[in-house]
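> Here is my input; please provide its structure:
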Amino acid sequence: MYLRQTRRKNRDGSVVEYVQLAHNQRNAATGASTAKVIHNFGRADQIDRDALGRLVSSISRYLNQEQAVSAAAPTGEVEILDSRRLGGAWTLDQLWSRLGIGAAIRAAAAGRRLDADQVERVLFTLVAQRALEPGSKLAATGWVAERVAIEQVTGISDDQAYRGMDFLLDTLGDIAEHVFSSVAHLLNLDVSIVFVDTTSTYWETEGPDVLPELQADPIDDEANPVESGRRAFGHSKDHRTDLPQVVIAMAVTRDGVPVRCWTFPGNEQDQQIIRTIKDDLGSWNLRRLVWVADRGFASAGNRAYLTKGGGHYIHAEKLRHTNREAAAALARPGRYKRLADNLRVKEIHVNPGDPLAGGDGARA
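Model (predicted):
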């Protein structure tokens with residue numbers, strides 16, 4: 001059986017084509033083969049394509065996969081010119097766009113002597129490669145040229161990759177703010193409370209970074225620490241003080257959605273890091289914030305710093321190593337209110353002793 005097309009010429013000279021399902025039948029008397037029509041599908045320009053699809057589907061049930069592919073393939077040999085992976089990169093690209101990351105990068109590049117679309121695609125390629133098949137920037141150039149299909153990217157050079165990373169480091173604050181604003185609107189986030197914490201990660205290398213371009217610029221003791229990826233010896237939360245490390249800080253919402261991440265040299269102290277985080281987020285229009293941190297960030301100076309601009313804080317103190325304020329609070333009588341099986345609270349107002357506070361206001 002096969003589909004055939006027949007033509008009929010009308011009196012006005014127009015030609016109409018019809019599609020029919022037919023099969024060849026041999027005439028017993030003459031021995032000649034003639035076409036016998038089994039079903040008329042009607043005019044070719046008005047054909048019911050859904051009916052044809054149902055016919056193909058019903059026939060395919062009696063074929064195995066190879067036979068079905070062979071029957072559907074065009075006649076003649078097929079030459080495969082290229083084959084790329086698509087699924088993982090395509091999914092990441094959709095998330096990248098939905099979260100506003102691509103738009104944030106293009107906006108940051110708009111005022112520079114850069115092709116905003118190109119640098120955005122280069123950075124996405126590097127991110128996708130790290131997520132799907134981690135490797136170096138040089139490995140990323142071969143990966144995108146040979147193994148994966150990414151929209152609007154046929155290939156990148158290692159120079160483009162390094163220039164893209166330099167641009168990202170220069171504009172990271174603006175990009176992070178743009179992305180968070182987009183995500184906060186998309187997910188309707190509550191950003192009245194921000195939780196802050198740090199961790200450290202180490203490298204199994206022989207020594208810390210000593211290259212001049214990785215050294216932090218000299219700053220006075222009163223200045224807040226500056227972000228840097230310099231590996232240095234310091235207090236290791238992985239208990240590997242014998243290896244150089246960096247400190248990673250993160251701020252998240254009450255629901256655990258990241259606000260921003262920071263990287264500091266491995267010998268930076270938590271008590272100084274909290275000030276940089278507050279300053280960086282100060283221009284993000286996050287309304288009135290309550291900072292929540294553990295005792296590693298607690299100091300009289302930090303508590304005063306966090307209350308600048310009407311801010312508030314919640315931080316923890318160990319009972320066996322209490323400061324003056326905690327000792328005064330624990331000494332006050334009053335009933336505790338049970339919030340959970342492992343949590344009881346009691347509200348006590350304590351004057352921190354700052355003569356400028358006068359015992360009242362936000363610092364009480």
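
> hey, let's count contacts and neighbours off CA atoms from now on
OK.

> Where do the helices of the stretch 101-250 of the chain begin and end?
Per DSSP state H, counting those that start in this stretch, the stretch 101-250 of the chain carries helices over the ranges 101-109, 116-132, 137-146, 158-170, 172-187.

> Mean neighbour count, these: which tops it?
Between those, helix 101-109 has the highest mean count of neighbours, a mean of 21, where neighbours are mean count of other Cα atoms under 10 Å.

> any idea of the angle that one forms with helix 172-187?
With axes from the mean of the first three to the mean of the last three Cα atoms, to 10 degrees as the criterion, the two stretches helix 101-109 and helix 172-187 enclose an angle of 140 degrees.

> Does anything pack onto helix 101-109? Which helices or strands?
The elements that helix 101-109 packs onto, with contact taken as 3 or more Cα pairs under 8 Å, 6 or more residues apart in numbering; DSSP states H and E, are helix 116-132, helix 172-187.

> Just the mean pLDDT for the last one, thanks.
If I follow you right, that is helix 172-187. pLDDT averaged over helix 172-187 equals 87, rounded to a whole number.

> Output the contacting helices and strands for it.
Contacts defined by 3+ Cα pairs under 8 Å, 6+ apart place helix 172-187 against helix 101-109, strand 258-265.

> let's go with 6 Å and repeat that
Judged by 3 or more Cα pairs under 6 Å, 6 or more residues apart in numbering; DSSP states H and E, helix 172-187 is in contact with helix 101-109.

> rewinding a little: got a markdown table for the helices and strands packed on helix 101-109, with distance to Asn267 too?
Formatted as a markdown table, the entries for the helices and strands packed on helix 101-109 read as follows, by distance: least, Cα to Cα, whole Å:
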| stretch | distance to Asn267 |
| --- | --- |
| helix 116-132 | 27 |
| helix 172-187 | 22 |
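
> Just put the helices of the stretch 101-250 of the chain in CSV and tack on distance to Gly296.
Formatted as CSV, the entries for the helices of the stretch 101-250 of the chain read as follows, by distance: least, Cα to Cα, whole Å:
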stretch, distance to Gly296
helix 101-109, 32
helix 116-132, 32
helix 137-146, 36
helix 158-170, 28
helix 172-187, 25
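
> hmm, back to that, of all the helices and strands packed on helix 101-109, which one comes closest to Thr205?
Smallest distance to Thr205 across the helices and strands packed on helix 101-109 (Cα to Cα): 21.6 Å, for helix 116-132.

> Okay, angle between that closest one and helix 137-146 too, please.
100 degrees.

> what does helix 116-132 rub up against?
Applying Cα atoms under 6 Å, 6 or more residues apart in numbering, the contact partners of helix 116-132 are Ile105, Arg106, Ala109, Ala110, Gly164.

> Let's see the pLDDT reported for the residue lying closest to Asp242 once chain neighbours are set aside.
Taking Cα to Cα, 6 or more residues apart in numbering, and ignoring the residues beside it in sequence, Asp242 has Phe233 as its nearest neighbour in space, at 7.4 Å. Here the pLDDT value assigned to Phe233 is 90.

> following the worst-scoring helix or strand of the chain on mean pLDDT, which helix or strand shows up next?
Every helix and strand of the chain was ranked by mean pLDDT, DSSP states H and E. The lowest is helix 65-72, at a mean of 69. Per DSSP states H and E, helix 65-72 leads on to helix 87-98 as the next helix or strand towards the C-terminus.

> Check which helices and strands that following helix sits against.
Using 3+ Cα pairs under 6 Å, 6+ apart as the contact test, no helix or strand touches helix 87-98.

> Let's see it as PDB, backbone CA atoms only.
Extracted in PDB, the C-alpha atoms of helix 87-98 (Å, rounded to 0.1, in the frame of the first residue of the first chain):
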ATOM      1  CA  GLY A  87      19.300  18.900  27.400                       C
ATOM      2  CA  GLY A  88      21.400  20.000  30.400                       C
ATOM      3  CA  ALA A  89      22.700  23.300  28.800                       C
ATOM      4  CA  TRP A  90      19.200  24.100  27.500                       C
ATOM      5  CA  THR A  91      17.700  23.600  31.000                       C
ATOM      6  CA  LEU A  92      20.300  25.800  32.600                       C
ATOM      7  CA  ASP A  93      19.800  28.500  29.900                       C
ATOM      8  CA  GLN A  94      16.100  28.600  30.700                       C
ATOM      9  CA  LEU A  95      16.800  29.000  34.500                       C
ATOM     10  CA  TRP A  96      19.500  31.600  33.700                       C
ATOM     11  CA  SER A  97      17.000  33.700  31.700                       C
ATOM     12  CA  ARG A  98      14.100  33.200  34.200                       C
END
